[in-house]
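K.L.:
output the structure for:
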Amino acid sequence: MMEHLYIKSDKKRGVEATFKWLNDELQELKEALNNKDKTALEKEFADVLAWLASLANITEVNLEKAALEKYQYKCPKCQQAPCTCKFIKVKSDVSAQHL
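P.N.:
Predicted coordinates:
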C-alpha cells in the first residue's frame with residue numbers, strides 16, 4: 001500500500017531524508033508511549049510503520065518477505081514460539097540483551 005501511495009515522492013526524497021523522517025516518527029512514538037495516550041499511540045505506530053515501509057521500498061527491500069524469512073513464526077535466537085529467551089533488564093537508555 002505504501003509503495004502505491006508514495007513511491008515517487010519517497011524516491012525523490014531519498015534514503016537519508018526518509019530515514020530522518022522515520023527517526024522523527026520514532027521520537028513522536030516515544031512521546032506517545034510516555035504519555036500513555038492510546039489514540040496517539042495508534043497514530044504514531046501507524047506513522048512509524050509507514051515510514052519504515054517507505055524506507056524499505058526505496059531500498060528495494062520487501063519488508064514482509066524479510067520479516068517472514070528472519071522470524072519464520074519463531075524467535076530467531078531460541079527457535080521457539082513463543083520466545084523463551086531470557087532478557088537482562090538494563091537502564092532505559094540501553095537496549096535489552098538476549099542471554
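K.L.:
hey, let's count contacts and neighbours off CA atoms from now on
P.N.:
Noted.
K.L.:
which parts of this protein are helices?
P.N.:
Ranges of helices in the chain, per DSSP state H, are 2-13, 15-35, 38-58, 63-71.
K.L.:
adding distance to Cys83, write these out as a markdown table.
P.N.:
A markdown table is the format used below for the helices of the chain (distance: least, C-alpha to C-alpha, whole Å):
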| stretch | distance to Cys83 |
| --- | --- |
| helix 2-13 | 30 |
| helix 15-35 | 24 |
| helix 38-58 | 23 |
| helix 63-71 | 11 |
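K.L.:
so what's the residue count around Glu42?
P.N.:
Residues lying near Glu42 (other C-alpha atoms under 10 Å) number 12.
K.L.:
follow-up on the earlier one: need the winner for burial among the helices of the chain.
P.N.:
Mean neighbour count (mean count of other C-alpha atoms under 10 Å) peaks for helix 38-58 among the helices of the chain, with a mean of 18.
K.L.:
chain center to it: distance?
P.N.:
7 Å (C-alpha atoms, centre = their mean, to the nearest Å).
K.L.:
so which elements touch that helix?
P.N.:
Applying 3 or more C-alpha pairs under 8 Å, 6 or more residues apart in numbering; DSSP states H and E, one finds that helix 38-58 makes contact with helix 2-13, helix 15-35, helix 63-71.
K.L.:
what angle separates that helix from helix 15-35?
P.N.:
Orientation check (axes from the mean of the first three to the mean of the last three C-alpha atoms, to 10 degrees): helix 38-58 against helix 15-35 gives 160 degrees.
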